[in-house]
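Participant: Starting from these lines, generate the structure:
(chains A, B and C)
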Amino acid sequence: MKVLIANTREPFIFGGAEILENDLEKKLIELGHQVDKFIIPFDHSNLESVADQVAFARNVQIPNTDLVIGMRFPAYLVQHQHKVIWLVHQYRQMYDLLGTMHSPYTTDPATLKKIHEMVKIDQISLLEAQKVFTISDLVTRRLSSYVGIKGKTLNLPPRDSLLITNSDSKDERKEFLLLPGRINRMKRQHLFIEALMETRSPIKLLIAGKSEDEKYLDQMKNFVHRNNLSERVRFDIRFLPESDLSVITNEAIGVGYAPLDEDAYGLVTIEAYQRSRICLTLSDSGQVAGLVKSITPEFVSLNEKKKIAKMLDWLYENPADRILIEKSLSGALHDFLPTWKKILGELIS
Amino acid sequence: MKVALVTSIYPFVLGGARNIVDWLAKELVERGHEVEVFTIPEYDLPDLVLLQSYNMRLMKLDKADKVITFRPQSHLIQHHNKTVWFIHHLRTFYDLWDSSYRDFPADEIHKGIRRELMYLDTKALAEARAVYSNSKTVAARLKLYNNIDSQVLYPPLFDPKEFRFKAMNNEIVYISRLEHHKRQHLIIESMRWIPKPYTLRIVGQASNLEYFKYLEDIVQNNNLTDRVLLENRWVSEEEKVEILSQCWMNVYIPLDEDSYGYPTLEAAHSGKATLTLQDSGGVLEFVVDKVNGIVAKSDPKDIATRISEVIDLGIAESLGSSARERINELNINWDSVIERLLK
Amino acid sequence: MKIIIFSPLGEYSAIAGVTYQIASGLIKNPNHSVILVDTSQYVVAQKEIENILILDKDSRKIEELITDGYVPVYQIGNSYENHGEIFRWLFKHKGIMIFHDRYIGDLYKGYKSIHKNEVLDYTYGDNSEINFENLSRSGMLSENLIDRYSLLEWLSPYASCIITHDVSTQSKVEASSECRVLFTNLILNKSSQISDVELGTTNYENLWFLTFGDINKNKLVKSVIESISTLQSDIRQCITYQVVGNVAESYKEELVELAKSKKVNLIVTGKVSDEELDMYLKKSDLIICLRSPITESSSCSLIESLTYGKNTIALNKGHYANHPDSVLIKLNGFFITEELRDRILDLINNHKLLRFNPEIVEYADSIFSRESYLDTLQESYNLHFQYLVAMGSIEQLISQTGDLMKVFLQNGANVLDFNL
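Facilitator: Model prediction:
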């Protein structure tokens, strides 16, 4: 079958939707399908430009294609007879984020009218699809309450062909907690730094990822400097290729990932488990907390410095127990998440 | 620099412009730029042409420092720093309007579409910082129809280092899709007069089996089965590299093609000369008769005569090495390409 | 081309003349098909031209032809009497509009008196038709007011292509129209064959000054009379000022009264036939072609004067300003009476008057070229179809987004900015 994946990029922000898209492409090809991609930009820095971009997606004409799999707004708005949605990203700024500081939209009647029209198109596009899946229960709930569409949860699967650096040698481990992934306020890397002040062990932190918020990064660096933590906190600010991530994850004694109210289980979490590393998170981390809770509930902490510090100390002070747990992580993850076989079965039936 | 590459695609048809975009993306990343590639499906129905052209105006790429567009109608995008690497027009509305390729009536409405399309293309191209075309033929059309001055920018191979000279056996090769347009039949015919021990290898995917059967018949009817190896299959990059590294001469003889074609370039990187024909179009922008290759008349006997000349004079290797030099003469390399695109 | 021209077709309409010129020019080419429809309220004496079909405004064939692909061409002028019937088709069938006047207040008034229209009320105010009537009648209509209340923007959004005869009208209309706006000079409204043999040389003892056209206040006839009266008597006596064209009895009386009191030789001839006008034109030494305010975008009278190679005086405003000093004598217009007097003196004292100036004829032939006009019409015909397909595509694009674009545009958002 000729399958066209319809996806969106926020220009020059490498997000992670590409990873899932590439994995999906690979798996479809393995199954004997032909795959091509419809990729459009989405720059939502002002409301007016959003209207044009919505119109753009809606009017793209697609020839020679048996099935379209739409993954993100506004690409999935495209019209096609046979369309399936695997919703990775909605346009939350007009839904649950409306009225908060994360949304650029005011709530005056004129703006609400405009948003109403965009919501209508969103609804129509989703209703047009033969099937609507989402990548997490949270997104499914949101879809239902804000858009009135019944979707089915189809969680992110484990990464296919993930580079995993394995070593049994204990010497390879360096005593730091890895905080991978994009650096911005929502990802809350600073919570772990602040928690260091309360630790009794000399555990270190390695913050490795691309910065999306220079101010936030500077604030963290200043905090480190002011509180004499420079020996314990290291920053590796860049987009890390999979090979590098694999190596440093292997060296770490654990991974820290505590974003605020995250949509889905998170590639950081999934990749950590696939690489057999314990993941530390917070109870208000949304679906990430949900996944960690299902695998290792003891590593979901309340958002309090002392409690976070306790987790950090445990990792440092209990290597034997830690390694035992690590051995079970990957298997547990694979049991918990859907396989690609299941996913493709649902998407293409 | 933040560079956005935007092209239209006909889904599931790869090659050509798609390669250029993907390869350019990789080369740009290697040189430290941030790159995004956007691919927009384009439906080639005449009544949808204007809708899609206007639609392109709605794309927003303000975050990019530079936008480079490729296949039509991607050049319609609005951006303050747009460079167009023009691959081809929607030819049924341009130079093929008066041909059998136009499969819609020339009524007032379609004439209106044509004029409006030309107006839109002309305006959009004039907005660009620079317009490059992938051959002189395309550049001429841009000037004639849109009054646009463009520079020719030849697309390099992605990884030319793979191609190399290893030896020269007795094989004349033609690696390309098997299509009437590519005229494999002419070179097979010419084998009737080409002296032994030279053989011909033709390999590629046939887009229609009728043509392949036609070629098989020519081989049979002229008792050339021991001189001609004819295969209908896809060829991998590795195999292509191997074949070209050892062959005696490359053949590329399409009818009136826009650009010189990757086969010509691949052969040149392998230090092998290409034989082409007087009416092969853009191939003649690369191949210069008796300097770095052969330009014969589109007649099997003449092809054979010219090949025999090369045999007698023993100049195949020197022609091949001149072909390799031609690559530099024409600046067909990524540094040069990127420098000009990002200006 | 297949076109239907909606135009006044009566004998005394200058625009009718232009329409006939266009039609007869087109039918020379068998590929063209032209049909005419009279848009005047009261159909009078139409010419008949071979091979040109004139359909009655009530004929059902008109709709059929339009459905069949005939493109409407609307001649648009200020007179409701001449153009009023266009509204049967104008808003329903997009076509090419040719704007002859810069100000169409009378046309608007005529339309609005009959048709209730909330959008017009909202745009121009309630009872706007009365206001425009008062404006026209008050004598207060000035260049500035014409610029501000031209009303062309009322009709321009409904055209698929617009032709104007004045460059300033072109730029003004471009701002309010969706379609492309072309400019071409108007043409003479009849076939002309001028030869200088009959014209003779200027006799400075017996000079004939001529003003022709629809004789009303804006032709400034009274100013001309005043001006001539200020000349010294020996010169004044050599001048006869003839006024030719439709004139109201009461106004005629006023003019005659004034001339008598000022001791100016005035002849008010009234409405004449083409042949008679031809004779008067040839015989005249100076044409005085003043207009204030200038409601037209081009003047048939001016074209005629220049085509006949005549010395002509006009104001240096509006479309008159586009012509070089070598072919048209232009007044600044601040003190018309004095300026006119000075110019007349200059022309007479320095013997500058020529009954037939070949330079002026050459200029007129090149500028007011029927060939150019037909080329522009062909271009507008092509643009008409371009407009239809372009708008069709854009409408399709918008329709795929429900009311999204409407809501955004209503709130003044800058969407759908194609910049093309």
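Participant: tell me the SS of the nearest residue to C:Leu409 once chain neighbours are set aside?
Facilitator: Nearest residue to C:Leu409 in three dimensions, chain neighbours excluded: C:Val415, at 6.5 Å (CB to CB, 6 or more residues apart in numbering or on different chains). Placement of C-beta: from N, CA and C, glycine included. Counting by DSSP: H, G, I helix; E, B strand; the rest coil, the backbone at C:Val415 sits in coil.
Participant: who's in contact with C:Val415?
Facilitator: Contacts for C:Val415 were tallied using CB atoms under 8 Å, 6 or more residues apart in numbering or on different chains; they are A:Glu48, A:Ala51, A:Asp52, A:Ala55, C:Met405, C:Phe408, C:Leu409.
Participant: center of the chain - which residue?
Facilitator: Picking chain A for this. A:Gly266 (3.7 Å; CA atoms, centre = their mean).
Participant: The chain in question should be chain B.
Facilitator: Nearest residue to the geometric centre of chain B (CA atoms, centre = their mean): B:Gly261, 3.4 Å.
Participant: and the residue in chain B that chain C sits nearest to, what does it touch?
Facilitator: Nearest residue of chain B to chain C (CB to the nearest CB) works out as B:Gly112 at 2.9 Å. Under the criterion of CB under 8 Å, 6+ apart, the contact partners of B:Gly112 comprise C:Asn382, C:His384, C:Phe385, C:Gln386, C:Tyr387, C:Leu388, C:Val389.
Participant: Could I get the buried residue list for the helix or strand harbouring the last one?
Facilitator: The reference is to C:Val389. Under the criterion DSSP states H and E, the helix or strand holding C:Val389 is helix C:370-399. Taking 16 or more other CB atoms under 10 Å in any protein chain shown as the neighbour-count basis, helix C:370-399 is seen to contain the buried residues C:370, C:373-374, C:376-377, C:380-390, C:392-394, C:396-398.
Participant: Contacting chain A as well, which ones from these?
Facilitator: On the criterion CB under 8 Å from any CB of the partner chain, C:Gln396, C:Leu397, C:Ile398 are the entries of the buried residues of helix C:370-399 that sit beside chain A.
Participant: and those as JSON lines, adding pLDDT and distance to C:Ala23?
Facilitator: As requested, those are exported to JSON lines (pLDDT from 0 to 100; distance: CB to CB, whole Å):
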{"residue": "C:Gln396", "pLDDT": "94", "distance to C:Ala23": "36"}
{"residue": "C:Leu397", "pLDDT": "94", "distance to C:Ala23": "38"}
{"residue": "C:Ile398", "pLDDT": "93", "distance to C:Ala23": "38"}
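Participant: Can you give me the distance of the residue of chain B closest to chain C to C:Ser250?
Facilitator: Between B:Gly112 and C:Ser250 the distance is 53 Å, computed by CB to CB, to the nearest Å.
Participant: which residues does the residue in the stretch 101-250 of chain B that chain A sits nearest to contact?
Facilitator: Proximity of the stretch 101-250 of chain B to chain A (CB to the nearest CB) peaks at B:Trp234, 14.1 Å away. With contact taken as CB under 8 Å, 6+ apart, B:Trp234 is in contact with B:Gly204, B:Gln205.
Participant: got any ranges where the stretch 101-250 of chain A has weak pLDDT?
Facilitator: A:167-171 (pLDDT under 70).
Participant: Just give me the neighbour total for A:Ile270.
Facilitator: Using other CB atoms under 10 Å in any protein chain shown, A:Ile270 has 23 neighbouring residues.
Participant: oh sorry, the question was meant for C:Ser171
Facilitator: C:Ser171 has 12 neighbouring residues, counting by other CB under 10 Å.
Participant: ditto for A:Asp244
Facilitator: Other residues near A:Asp244 number 16, with proximity taken as other CB under 10 Å.
Participant: how about the nearest residue to the single nearest residue of the stretch 251-400 of chain C relative to chain B, chain neighbours excluded?
Facilitator: Scanning the stretch 251-400 of chain C for the residue nearest chain B gives C:Phe385, at 2.9 Å (criterion: CB to the nearest CB). Taking CB to CB, 6+ apart, and ignoring the residues beside it in sequence, C:Phe385 has B:Gly112 as its nearest neighbour in space, at 2.9 Å.
Participant: Now that neighbour: which helix or strand?
Facilitator: Remark: B:Gly112 resides in helix B:108-126, with elements defined by DSSP H and E.
Participant: helix or strand right after that helix?
Facilitator: In the C-terminal direction, the helix or strand that comes right after helix B:108-126 (DSSP H and E) is strand B:130-133.
Participant: still on that earlier bit, would you turn the contacts of C:Val415 into CSV with pLDDT and distance to A:Asp96?
Facilitator: Shown next, in CSV, are the contacts of C:Val415 (pLDDT from 0 to 100; distance: CB to CB, whole Å):
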residue, pLDDT, distance to A:Asp96
A:Glu48, 85, 22
A:Ala51, 93, 21
A:Asp52, 94, 24
A:Ala55, 95, 24
C:Met405, 90, 26
C:Phe408, 89, 23
C:Leu409, 86, 28
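Participant: Now which of the residues you listed would you call buried?
Facilitator: Among the contacts of C:Val415, the ones that count as buried (16+ other CB under 10 Å) are A:Glu48, A:Ala51, A:Asp52, A:Ala55, C:Met405, C:Phe408.
Participant: Helices along chain A, start to end?
Facilitator: Applying DSSP state H to chain A gives helices spanning A:17-30, A:47-59, A:109-128, A:137-142, A:190-196, A:214-226, A:242-251, A:267-274, A:287-295, A:305-317, A:319-336, A:340-347.
Participant: Can you convert the ones you listed into JSON lines and add a column each for distance to A:Leu179?
Facilitator: Formatted as JSON lines, the entries for those read as follows, by distance: least, CB to CB, whole Å:
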{"stretch": "helix A:17-30", "distance to A:Leu179": "19"}
{"stretch": "helix A:47-59", "distance to A:Leu179": "32"}
{"stretch": "helix A:109-128", "distance to A:Leu179": "34"}
{"stretch": "helix A:137-142", "distance to A:Leu179": "23"}
{"stretch": "helix A:190-196", "distance to A:Leu179": "6"}
{"stretch": "helix A:214-226", "distance to A:Leu179": "10"}
{"stretch": "helix A:242-251", "distance to A:Leu179": "11"}
{"stretch": "helix A:267-274", "distance to A:Leu179": "9"}
{"stretch": "helix A:287-295", "distance to A:Leu179": "13"}
{"stretch": "helix A:305-317", "distance to A:Leu179": "11"}
{"stretch": "helix A:319-336", "distance to A:Leu179": "17"}
{"stretch": "helix A:340-347", "distance to A:Leu179": "28"}
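Participant: What sits closest to whichever residue of the stretch 101-250 of chain A sits closest to chain C if chain neighbours are left out?
Facilitator: Of all residues in the stretch 101-250 of chain A, the one sitting closest to chain C is A:Glu117 (4.2 Å; CB to the nearest CB). For A:Glu117, the nearest residue in space outside its immediate sequence neighbours is C:Leu404; the separation is 4.2 Å by CB to CB, 6+ apart.
Participant: tell me the pLDDT at the one you found?
Facilitator: Per-residue pLDDT puts C:Leu404 at 92.
Participant: Do I have it right that it meets A:Val50?
Facilitator: No. Taking CB atoms under 8 Å as the contact criterion, C:Leu404 and A:Val50 are not neighbours in contact, 10.0 Å apart.
Participant: Overlap in contacts, these two.
Facilitator: Shared contacts of C:Leu404 and A:Val50 (CB under 8 Å, 6+ apart): A:Met118.
Participant: who's more crowded, the two?
Facilitator: Each of C:Leu404 and A:Val50 had its neighbours counted (other CB under 10 Å), and the higher figure belongs to A:Val50 (27 against 23).
Participant: residues contacting the residue nearest to A:Glu117?
Facilitator: Shown here is C:Leu404, whose contacts under the criterion CB under 8 Å, 6+ apart are A:Ala51, A:Val54, A:Ala55, A:Lys114, A:Glu117, A:Met118, A:Lys120, A:Ile121.
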